[in-house]
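1. no sequence on this one, just coordinates:
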């Protein structure tokens, strides 16, 4: 079974094939109405279950539109509409859904739920996000960087902020695709050791630099993410703001990076917190290209999972 569970669990050659397919599919759609089907319609006759235990805008819309453009149908399920791991075991849910659909995408909290679903499903499972990783987002980010600056191998990527799930997938990608990654954030929010160990073991050890101005020197790409989760308490939000305020991406910080350094944020953003409007709307920002490319990258991931 060909699942897409994490970047570090996917062969580097397959990652490159997915990226190549993403670019081909995007090019083929140039100028078409959003609802127009792809020429090939590779998902004709296929049904894709989209499970959302966490709320979503980009993941939900991009997967739903992508399936439709490829000629398939979607079945969107939320945590309130099903009994995933509560009234029914995840294993049984996986077995049942596999009788109805051809592919499952899940956006959930705990990684264990994703892994158990994949273990017992007899159709491919795609990780739409967990608390530990966000591989679809990083495939879109790599695609976006390479559209603007060419191959990412050997380039310098700097992350400012929290060593969260999005950073984890960037670290996995650094090891698999051969670019340098710098983490700049408070020690209390450092990445998980397992993430650091994977990158180091793949020959791309992650450098930690507490001074954000020094961290971004020579950067080809500067990346940040929201400082807070929608589920954080008010006390946790205030504590995070106090820790992360020195790592805001603003015009002064970007002046320390390479003159052509790109800026990315996976969105949604709290403008004026993790990044300023001046940076987000500036000439080096590619945040909306990045958001669009979720569609194209995920279409290629679905095709890869199904061997189409």
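-> On my side now, so go ahead. Computed from a predicted structure; not experimentally measured.

2. check what pLDDT residue 54 gets.
-> Note for residue 54: predicted pLDDT of 88.

3. burial count for it?
-> 19 (other Cβ atoms under 10 Å). Backbone N, C-alpha and C define where each C-beta goes, glycine included.

4. any idea how far residue 255 is from residue 24?
-> 37 Å (Cβ to Cβ, to the nearest Å).

5. in the stretch 201-308 of the chain, which spans are strands?
-> 207-208, 221-224, 262-265 (DSSP state E, counting those that start in this stretch).

6. can you tell me which of the ones you listed is most buried?
-> Highest mean neighbour count of the strands of the stretch 201-308 of the chain: strand 221-224, a mean of 28 (counted as mean count of other Cβ atoms under 10 Å).

7. I'd like to know which of the strands of the stretch 201-308 of the chain is closest to residue 278.
-> strand 262-265 (10.4 Å; Cβ to Cβ).

8. show me what the closest one is packed up against.
-> helix 135-149, strand 221-224, helix 277-280, helix 287-306 (3 or more Cβ pairs under 8 Å, 6 or more residues apart in numbering; DSSP states H and E).

9. so what touches the third one?
-> Which is helix 277-280. 249, 250, 251, 254, 263, 265, 269, 271, 285, 287 (Cβ atoms under 8 Å, 6 or more residues apart in numbering).

10. any idea how many residues pack against the second one?
-> This points to residue 250. Residue 250 - counted by other Cβ under 10 Å - has 15 other residues nearby.

11. how about it: what's its closest non-neighbour residue?
-> Closest residue to residue 250 apart from its sequence neighbours, by Cβ to Cβ, 6 or more residues apart in numbering: residue 276 at 4.5 Å.

12. quick check: the one you found touching residue 248?
-> Yes - with contacts counted by Cβ atoms under 8 Å, residue 276 reaches residue 248, the gap being 7.0 Å.

13. before we move on, back to that, buried ones among the contacts of helix 277-280?
-> Buried members of the contacts of helix 277-280, scored by 16 or more other Cβ atoms under 10 Å, are 249, 254, 263, 265, 269, 285, 287.

14. got the end-to-end distance for stretch 271-289?
-> One end of stretch 271-289 to the other measures 18 Å (Cα to Cα, to the nearest Å).

15. what's the spacing between that stretch and its chain's center?
-> What separates the centre of stretch 271-289 from the centre of its chain is 18 Å, taken as Cα atoms, centre = their mean, to the nearest Å.

16. and the contacts of the helix or strand of the chain with the lowest mean pLDDT?
-> Every helix and strand in the chain was compared by mean pLDDT, DSSP states H and E; the lowest is helix 234-244, with a mean of 87. Applying Cβ under 8 Å, 6+ apart, the contact partners of helix 234-244 are 161, 162, 185, 186, 188, 189, 227, 228, 232, 273, 274.

17. give the residue spans of the stretch 201-308 of the chain that score low on pLDDT.
-> Across the stretch 201-308 of the chain, the ranges flagged by pLDDT under 70 are 230-232.

18. go again using 80 as the cut-off
-> 229-237 (pLDDT under 80).

19. same deal with the stretch 51-200 of the chain?
-> Using pLDDT under 80, the flagged stretches of the stretch 51-200 of the chain are 79-87.

20. please enumerate the strands of it.
-> 73-78, 103-107, 125-129, 156-160, 180-184.

21. related to what we said a few turns ago, now the helices and strands packed on strand 262-265 as JSON lines including distance to residue 238?
-> Below are the helices and strands packed on strand 262-265 laid out as JSON lines (distance: least, Cβ to Cβ, whole Å):
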{"stretch": "helix 135-149", "distance to residue 238": "27"}
{"stretch": "strand 221-224", "distance to residue 238": "19"}
{"stretch": "helix 277-280", "distance to residue 238": "23"}
{"stretch": "helix 287-306", "distance to residue 238": "26"}
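
22. what's the most buried one of these?
-> It is strand 221-224: most buried of these by mean count of other Cβ under 10 Å, with a mean of 28.

23. now for that strand, which elements pack on it?
-> helix 135-149, strand 156-160, strand 262-265.

24. can you redo those as TSV with distance to residue 81?
-> Formatted as TSV, the helices and strands packed on strand 221-224 follow (distance: least, Cβ to Cβ, whole Å):
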stretch	distance to residue 81
helix 135-149	22
strand 156-160	35
strand 262-265	31
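
25. and these: which comes nearest residue 106?
-> Judging the helices and strands packed on strand 221-224 by Cβ to Cβ, what sits closest to residue 106 is helix 135-149, at 11.3 Å.
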